[in-house]
Structures are given as structure tokens and as C-alpha cells.
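1. coords please:
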Amino acid sequence: MIQATKRLLRLALWLATLVVAVLATIWLVRAFESRNKPEMHVWHTYETREEFRARDYPNGITLGEYLELEDRLFAEIDEHIFATVEPSNRELFNRYNKQGNAYAGDDGMAWNQTFVIDTPDATGGILLLHGASDSPYSVKALAESFAAHGLYVAVFRLPGHGTIPTGLKNARLEDWQAIAKSGLQHVSEKMGSDRPVYFGGYSAGAALALEYSMDAVLDDSLRVPDKLFLYSPSIAVTPFARFSDWDLALAALPWFRKFAWMDIEVEYDPYKYNSFPKNGGFLAYQLSENIITKMAAVNAAEDVRLPPIIAFQSLVDSTVRTDALIYNVFDQMPENGNELILFDVNRSEIIQHFMKDNQ
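-> Below you'll find the predicted structure:
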């Protein structure tokens with residue numbers, strides 16, 4: 001009996017060692033393959049100095065302070081990125097080439113930054129946050145729509161966005177959370193206690209709005225939004241995202257620096273990164289795990305209730321999981337006037353030619 005047990009233990013140890021060896025081999029092969037990714041440019045390597053860091057603002061940051069910080073940040077980007085683009089990189093569709101077609105223009109660059117729409121005689125206020133790899137431009141149409149309906153609108157840029165892809169590579173979840181908190185505080189102070197305050201967001205911005213609201217219903221010092229508007233909320237991501245920090249650890253070695261990136265692409269979109277660092281996926285994973293944990297805490301607490309949620313979700317979204325939004329959020333909430341709007345049609349290229357435009 002003892003001998004049989006020892007043999008089983010040795011077999012289990014051998015199998016465990018084999019599994020670890022196979023996984024380590026796959027990991028290293030992927031790391032070496034990453035060296036074949038396209039060449040990196042200054043916007044993939046430069047480390048910004050003027051970006052917001054939550055640790056530098058333990059008591060939060062005001063809108064005025066954040067706008068001043070952004071002015072310094074974008075001046076830094078202008079000096080160290082736009083002004084240093086080499087002739088070989090001055091393609092027509094490089095967003096960092098000021099003479100190219102993809103440059104937003106001096107006025108257009110403002111949509112990469114925090115902005116407000118100070119609607120006269122506003123009946124309420126709303127904070128809007130964009131998604132990962134995006135910029136405030138991605139919620140510009142939403143902002144204008146809410147303003148047209150009489151709301152004061154503030155759109156805060158999430159740290160690491162609107163500048164260079166390396167910004168997202170170095171962003172931290174606590175930086176995003178701090179901006180969500182400071183942004184909602186700004187709108188709350190602007191509206192006072194007699195006008196409603198709403199919180200909306202797209203993708204990761206929507207997840208941040210939901211996470212903040214869960215914190216607020218459990219913390220009397222925070223203003224609870226009167227309603228949430230969530231657009232394709234990033235509630236769940238692929239389970240493999242949790243291992244991204246392993247890749248990032250190895251990417252700290254210069255030999256494997258490209259291993260920190262899912263994609264290294266030409267930056268032709270003036271308001272969104274085409275290159276995507278793995279840290280962006282890891283932050284989305286952290287955020288989704290926080291939502292699951294905090295939702296359980298909200299459900300376990302007495303006499304607390306999340307504000308009503310209006311969520312918009314495409315059934316054919318290739319990034320956000322509709323089932324997670326239903327099971328992890330709506331199924332966990334009591335009846336509270338919540339609404340889930342599902343939309344879109346299958347625009348697969350296979351059937352595209354059989355569809356007519358609705359004019």
C-alpha cells in the first residue's frame with residue numbers, strides 16, 4: 001500500500017512537472033515569436049512624464065487641475081513625438097505626422113482631451129467615460145445628445161489615452177478609478193444636491209461607471225448616481241487575460257520588449273490606438289473581477305440598491321460578452337426600473353450583398 005502510494009505521488013509529480021515544462025515552453029516560444037512583430041516606433045517606446053498618476057493626487061484632482069496637467073502632457077507629446085517623427089515615418093496616414101491625412105489638426109486634437117459641454121440652465125449633469133484604447137472623441141456624439149436634452153456634460157479622458165499607445169501600456173487601474181471618482185465629484189459639485197447626476201460610459205468606461213456606483217452605495221462619502229447609462233459595457237473578458245501580467249514580466253527584458261504588445265500596427269486613427277498593449281487587456285480583466293466581487297458585496301449588504309441601469313448591447317459584439325452582462329449584472333439586481341436594449345443585425349460579409357440599406 002505504501003509503495004503504491006509512493007508510485008502515485010511520483011507519477012503525479014512527474015505529470016505536474018511535464019505540464020509546467022510544456023506551458024513554459026509554449027510561453028517562451030510565444031515570447032520568441034513576438035520578436036517577429038513589426039518594428040516599434042517612438043510612440044511605442046516613449047515614457048510620458050506628465051500623465052496623471054493617482055498616487056500623486058491622494059485627495060483626487062479637480063477639473064481645472066486635470067486640464068492643466070493635460071496641457072502639459074500634450075505639450076510633451078508635441079515635443080517628443082510629433083516633432084521627432086523621422087522622414088521615413090512620415091507616411092500619409094500616420095496620425096503623428098502633422099503633414100499627413102491622419103493628423104486630427106490642431107483643433108481636432110481637442111477631442112483627444114477632456115472636455116465639457118456647459119449647457120445653459122442644465123436640468124442635470126452626466127459624466128461620460130470612453131473605452132480602452134479610445135479617447136473622449138468616441139463618446140462625443142453621446143455627449144452632444146445628452147447636452148441637447150438639457151444636461152451638463154463632462155467627458156474625462158482616462159489616463160493613458162488620446163496620446164501614444166505606450167500610455168495604455170503604462171496605465172494602472174487605480175488611475176482610471178481615481179479619474180472616475182474625481183469626474184463624478186466634479187459633476188456633483190456643479191449640479192448641487194437639487195439636480196440629478198448621471199454616469200455613463202462605453203466599454204471599459206461603462207464598467208468603471210458600474211464599479212464606482214457599487215463603491216458609492218456602500219460608502220456614504222460618495223455621491224450615488226441617479227441613473228447609469230452603459231454602452232457595450234466590458235463586464236467580462238477572455239480568461240487568458242489574467243495571465244497577461246506574466247507576459248509583461250518577461251517583456252521587461254529588452255530582448256522580449258515586443259512581448260508586451262498584442263498588436264503593433266500603423267497608427268492611422270487620430271482618436272484611437274491601433275496598436276494594443278497587453279496591459280490594456282489585463283486592466284479590463286482586473287475591472288471585470290472587481291465587478292463580480294463588489295456585486296456580491298452589494299447583494300450581501302442591507303438597505304442598499306444600485307441606481308437604475310439602462311444598458312445598450314449589440315448581439316453580435318465581437319469584444320463584449322452579452323451573457324456576462326445579463327448574468328453578472330442584470331440577474332444580480334432587484335427590479336429597479338432597469339432596461340437592457342439589445343440591437344444590431346448580422347452584417348457578415350457572406351450575406352452583405354443580400355441586404356438592402358434602409359433609406
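2. What confidence value was assigned to Ala296?
-> Per-residue pLDDT puts Ala296 at 89.
3. now for the helix or strand containing it, which elements pack on it?
-> Ala296 is part of helix 278-300, with elements assigned from DSSP states H and E. Applying 3 or more Cβ pairs under 8 Å, 6 or more residues apart in numbering; DSSP states H and E, we find helix 278-300 packed against helix 165-170, helix 173-191, helix 204-217, helix 244-251, strand 261-263, helix 322-328. C-betas here are computed from N, CA, C, even on glycine.
4. quick one: buried residues of the fifth one?
-> The reference is to strand 261-263. Trp261, Met262 (16 or more other Cβ atoms under 10 Å).
5. so how far is that strand off the chain centroid?
-> Remark: strand 261-263 is offset 16 Å from the chain centroid, using Cα atoms, centre = their mean, to the nearest Å.
6. Check which helices and strands it sits against.
-> Partner elements for strand 261-263 (3+ Cβ pairs under 8 Å, 6+ apart): strand 276-277, helix 278-300.
7. on that earlier part again, okay, the helices and strands packed on helix 278-300 in JSON lines with distance to Leu13 next?
-> Below are the helices and strands packed on helix 278-300 laid out as JSON lines (distance: least, Cβ to Cβ, whole Å):
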{"stretch": "helix 165-170", "distance to Leu13": "38"}
{"stretch": "helix 173-191", "distance to Leu13": "37"}
{"stretch": "helix 204-217", "distance to Leu13": "41"}
{"stretch": "helix 244-251", "distance to Leu13": "23"}
{"stretch": "strand 261-263", "distance to Leu13": "35"}
{"stretch": "helix 322-328", "distance to Leu13": "37"}
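8. coming back round to it: which one of the helices and strands packed on strand 261-263 lies closest to His149?
-> Distance to His149, taken as Cβ to Cβ, is lowest for helix 278-300 among the helices and strands packed on strand 261-263, at 28.2 Å.
9. Which residues does that closest one contact?
-> Under the contact criterion Cβ atoms under 8 Å, 6 or more residues apart in numbering, helix 278-300 has outside partners 132-133, 168-173, 176, 204, 207-208, 210-211, 214-215, 217-218, 234-238, 241-242, 244-245, 247-248, 251, 260-262, 304, 306, 324, 328-329, 332.
10. Now for the closest residue to Met109 other than its chain neighbours, which secondary structure element holds it?
-> Of all residues not flanking Met109 in the chain, Phe74 sits nearest, at 7.1 Å (Cβ to Cβ, 6 or more residues apart in numbering). Assigned by DSSP H and E, Phe74 falls within helix 63-80.
11. now Thr48
-> With DSSP H and E as the criterion, the answer for Thr48 is that it lies in no helix or strand.
12. so what pLDDT did it get?
-> 96.
13. dump the residue contacts of it.
-> Leu73, Glu76, Ile77, Thr163, Ile164, Thr166, Gly167, Asn170.
14. One more pass at 10 Å, please.
-> 72-73, 76-77, 80-81, 159-160, 163-164, 166-167, 170 (Cβ atoms under 10 Å, 6 or more residues apart in numbering).
15. By neighbours, which of those wins?
-> Counting by other Cβ atoms under 10 Å, Gly160 has the largest number of neighbours within the contacts of Thr48, with 27 neighbours.
16. ok, now which ones touch that one?
-> 48, 51-52, 132-133, 166-172, 175-176, 273, 277, 279-280, 283.
17. Mark which of those are buried, thanks.
-> Buried among the contacts of Gly160 (16+ other Cβ under 10 Å): 48, 51-52, 132-133, 166-169, 171-172, 175-176, 273, 277, 279-280, 283.
18. just checking, Ala204 touches Leu129?
-> Yes. The pair Ala204 / Leu129 is scored as a contact, 7.8 Å apart, by Cβ atoms under 10 Å.
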